[in-house]
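Novice: Here is a sequence together with a model predicted from it:
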Amino acid sequence: MEYNDRIQNVTVLGAAGKMGSGILLLMALEMADQKLKPENKEKSYVLNAMDVTSGALPGLMKYIRTQVLKAAEKKVVALRKIYADRKDLIENSEIIDEYIEDVMSIIRPGTRIEVAFESTLVFEAVSENAALKAKLFSQIDQNNPLKPWFFTNTSSVPIEGLNEKSGIEGRVLGFHFYNPPAIQKLVELITIKENPAGMREFALDLAKNLRKIIVPSNDMAGFVGNGHFMRDALYSIEKAEVLSAEMPVYEAIYAVNKVSQDFLMRPMGIFQLIDYVGVDVVRFIMNVMNPYFKNENLHSEMLDKLFDLGIKGGQYADGSQKDGMLKYEKGRPVAVYSLEKKDYVPFASFAGKVDEWLGEMPKEVMPWKNIIKLADKDAAAREAFAQLKTMKTKGAELAIAHARRSREIGQQLVNTGVAASAQDVNTVLATGFFHAYGPVNDFVN
Amino acid sequence: MIAGYNTISMGTGRKEFNPKKERPGLEHYLKEAGQGTLQQIGGAKNVDEGVIGNFMAARFNRQGHLGAFMAMIDPGLRYKPSLRVEGACASGGLALVSGIKSVLSESADVVLAIGVEVQNTVKAIYGADILAYAGWFNKRKDGHAYFFPGQFSDRAGAYFSKYGREKTRLGMARWYRNAIENARLCPTAQEYSNATVDLDEQGLTEPTPKSFTDNLNVFDCSKVSDGASAIAIVSEEGLKRAGVSLKDAVEVIAVGHATDDITADPEDRTVMSTIKEAVRVALKDAGITVNQLATIETHDCFSIAGLITLESIGLAEPGKGADFILEGNTSRTGRIPINTTGGLIGWGHPTGATGVHQAVTVWEQLTGRAGNAQINIPADRPYALSINMGGDDRTVVAIVYKKL
């Protein structure tokens, strides 16, 4: 089946969710682009926005419409060419409005799984529940004579298991977007040997049309992105617990967070990142991954305790950060949660002391927002770590140790065959996590 | 003319500009500029008539009937005759023409002329549709998303074909640099805070046809601006009544007002024939040549327009416009400084205000009150010229002024 034929009837499962809505938007724009080509004018394009949460569908459609308007305003030069033969559409505003209608008319919101019975491509973005995913795939496949292809957005569940449980003859691969899908360029591609001929090529074509960067991952729980993130998170939690012999654990969390952000020159500290993704989500992903790694314990009691107390992090509907392990004001962390006190302790009450304990940062160590702008980030990182290696301060030592562990994790992903190369690991961290330099490097030998 | 006043040219580039916050509207700019002039002429009681130049408040601000705003500016203007005139980007120049005719016909001794436009009310791509009204509607469909940049991109393309792309682009980039260097000396200029180090390099940025035009980059284009300028046009009687001395006035010695067929394409895209004619008439009536001018305020809606104008008015030979600019002739230290506070690219282009802004700038230069932007007016060349153009060379108002 040709690329164009396959995307004529598409379903997104879980379309109202954070990831599902982004995938829905991307597919709507891509399908509209194809439909507006002269050779496709007579063809029918259907994009089912399927979500069991009926109440979320109106808000979803409004959101999509707003995003399509933004996309249209950006590509008005191209749109004028597309609608050149429409003599009735003269001003930019008229052309933009027509385009929005053309895109929206492709999308059909609904709550029923049955809409997928006519699709040739199904995106799955429901919760990280392997049994649920398999059940949905199986139910669709049993009622769909077209032998649809399933693209799952799972960030952690191995694809092979899903294939076996659902009996869909290998017609499933992992097409893992990062948050938010409309903006983040990275997509992890996880193929299995049972995939039919042409499926991988189709995935690559689709990624190209969506202007995404594909990094292949082998089919191991957590893949590359979470393979690094979960272990990096656990290292950080354990480090904080070790440091709690010298200071209250909430101060230790602050220290490790600061080292991971400022000393390692990352966009945010590890605990802020855990809050960003969601304490509950991180814990959940660890639970999904853990059974697959007999030699490791991908589990944290601290996260369990926080979860049980309802400390979750994540975002509000408007994208602003919810309090989690850290407390936020105007998006910036200002306090850290103490399990003992069952309350947040303001940075202001101890930061000066802990900053001094960590010690000075050399000038070669710069804020992430500066290093990310440089043409040669690796050179800058190399210099920064070279400096840190000469220093005997606590901060420098913690930073070097953390960088070494991060590299070790990255190397492990290559050695165990999850990632095809160190380059791929570094690409995932750069494009998915906005790191200025890859973890697998020779800066901290 | 006396008592000129410019508001800030507000828009991207100004530190105060925040597209997400509510901004002042027509009333604010009209009042500020109007009062700015009234205060210099002894108040509204001395005004006989008002005229407002504005292009398209009907679309940008959902407002028509602008002549009736005069009395809002000052209660002393109630019941005085006022009107609004329009000629696309030459609306300001037409306001001046209207006021000059009233004074010459002796139906007024003091005319308050204000130009205003508040166009940041819509995003640039929708603003482009509104600005396209300055051209013939039948041409809009086939025009660029950014219609007027597209028109002048076509002029640039024709000029590149005829005279060469590389040298021309260097000339255009230098025009941009001159504009910014001048704007940096004028606190009301939109580009006043521009801190770019290498302006020539920035001006040479390659055009990006996928998102903008084929032959022009964003630096070749005038700004999208909110602003107003006001000036009083007076007879000798009016001058006395206003209590202003001759040294604070400039004499208007000639006007060239030419209009051409909006439905027709330019015969030669490398020539601005209406500008050529309007300036010819103005200089002839003034009894001077173009080389007797000390300074010019010209309509650089796009850098290529500024370049072509130099040739069309006889300052440079055809095909030598870029050389003329690159030799430094038009910079503020050159033989004939042009757009000494930045022009449309550097100071800004609140569409209906520009024509009046040009007159205010000329008045400032010739009366020695241009502050840090002041140039020397040679004793043997006490003349200035303003060129205000509407659409793609379809309405032009050229005015010759003399230092008193």
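Specialist: In hand now; what should we look at? Residues are numbered from 1 along each chain as shown, chains lettered A, B, ... in the order given.

Novice: The longest helix anywhere in chain B - what's its average pLDDT?
Specialist: Using DSSP state H, we find that the single longest helix of chain B is helix B:165-183. Summarised as a single mean, pLDDT over helix B:165-183 is 98.

Novice: for it, packing partners?
Specialist: Other elements packing on helix B:165-183 under the criterion 3 or more C-beta pairs under 8 Å, 6 or more residues apart in numbering or on different chains; DSSP states H and E are helix B:147-163, helix B:199-203, helix B:303-312, helix B:321-326, helix B:343-346. Every residue, glycine included, has its C-beta placed from N, CA and C.

Novice: got a list of what the nearest residue to A:Lys239 once chain neighbours are set aside touches?
Specialist: Nearest non-adjacent residue to A:Lys239, counting by C-beta to C-beta, 6 or more residues apart in numbering or on different chains: A:Val256, 5.2 Å away. The contact partners of A:Val256, by C-beta atoms under 8 Å, 6 or more residues apart in numbering or on different chains, come to A:236, A:239-240, A:243, A:269-271, A:398, A:402.

Novice: switch to 6 Å and redo it
Specialist: A:236, A:239-240 (C-beta atoms under 6 Å, 6 or more residues apart in numbering or on different chains).

Novice: can you check B:Pro378 too?
Specialist: By C-beta under 6 Å, 6+ apart, the neighbours of B:Pro378 are B:Ala294.

Novice: What helix or strand is it located in?
Specialist: B:Pro378 is part of no helix or strand when elements are defined by DSSP states H and E.

Novice: Please enumerate the strands of the chain.
Specialist: Using chain A. Ranges of strands within chain A are A:9-13, A:46-50, A:107-110, A:121-124, A:149-152, A:172-177, A:186-190, A:213-216, A:326-329, A:332-338, A:343-346, based on DSSP state E.

Novice: Chain B was what I was after
Specialist: Counting by DSSP E, the strands of chain B are B:2-6, B:49-53, B:82-85, B:110-118, B:226-234, B:250-259, B:293-297, B:383-390, B:395-403.

Novice: centre of the chain versus the last one, how much separation?
Specialist: What it means is strand B:395-403. Strand B:395-403 sits 11 Å away from the centroid of its parent chain (C-alpha atoms, centre = their mean, to the nearest Å).

Novice: Show me what that strand pairs with in its sheet, parallel or antiparallel.
Specialist: Strands adjacent to strand B:395-403 in the sheet, as given by DSSP bridges, are strand B:250-259 (antiparallel), strand B:383-390 (antiparallel).

Novice: that older thread, Serialize the helices and strands packed on helix B:165-183 to TSV and add fields for distance to chain A and mean neighbour count.
Specialist: As requested, the helices and strands packed on helix B:165-183 are exported to TSV (distance: least, C-beta to the nearest C-beta, whole Å; neighbours: other C-beta atoms under 10 Å in any protein chain shown):
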stretch	distance to chain A	mean neighbour count
helix B:147-163	9	21
helix B:199-203	17	17
helix B:303-312	20	27
helix B:321-326	28	22
helix B:343-346	22	30
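
Novice: So which of the ones you listed is nearest B:Asp392?
Specialist: helix B:147-163 (4.9 Å; C-beta to C-beta).

Novice: what about residue 216, how many residues close to it?
Specialist: As the question left the chain open, I've gone with chain A. By other C-beta atoms under 10 Å in any protein chain shown, 18 other residues sit near A:Pro216.

Novice: nope, chain B please
Specialist: Neighbours of B:Leu216 under the rule other C-beta under 10 Å: 24.

Novice: try the one 10 residues further on
Specialist: Residues near B:Asp226, counting by other C-beta under 10 Å, number 28.

Novice: Repeat that for B:Asn291.
Specialist: B:Asn291: 10 neighbours (other C-beta under 10 Å).

Novice: how much space between it and B:Leu385?
Specialist: As judged by C-beta to C-beta, to the nearest Å, B:Asn291 and B:Leu385 stand 11 Å apart.

Novice: Repeat that for B:Val255.
Specialist: With C-beta to C-beta as the criterion, B:Val255 and B:Leu385 are 11 Å apart.

Novice: Burial check on A:Asp355, number of neighbours?
Specialist: 17.

Novice: Repeat that for A:Met366.
Specialist: 20.

Novice: Nearest to A:Phe433, out of the helices and strands packed on helix B:165-183?
Specialist: helix B:199-203 (33.1 Å).

Novice: tell me what that closest one is packed against?
Specialist: If you count contacts as 3 or more C-beta pairs under 6 Å, 6 or more residues apart in numbering or on different chains; DSSP states H and E, helix B:199-203 packs onto helix B:165-183.

Novice: Need the residues that contact the helix it packs on.
Specialist: Residues from elsewhere that reach helix B:165-183 (C-beta under 6 Å, 6+ apart): B:159-160, B:189, B:191-192, B:194, B:199-200, B:203-204, B:219-220, B:303, B:306-307, B:322, B:325-326, B:331-332, B:340-343, B:345-347.

Novice: which residue is nearest the middle of the chain?
Specialist: Assuming you mean chain A. When C-alpha atoms, centre = their mean is applied to chain A, the residue found nearest the centroid is A:Tyr178 (2.5 Å).

Novice: oops, chain B please
Specialist: B:Thr354 (3.4 Å).

Novice: what's that residue in contact with, if anything?
Specialist: Taking C-beta under 6 Å, 6+ apart as the criterion, B:Thr354 is in contact with B:Gly92.

Novice: try the one 5 residues further on
Specialist: Taking C-beta under 6 Å, 6+ apart as the contact definition, B:Ala359 lies against B:1, B:96, B:231, B:386.

Novice: Tell me who's in contact with the third one.
Specialist: Neighbour list for B:Ile231: B:1, B:4, B:113, B:356, B:359-360 [criterion: C-beta under 6 Å, 6+ apart].

Novice: Nice, that's everything, thank you.
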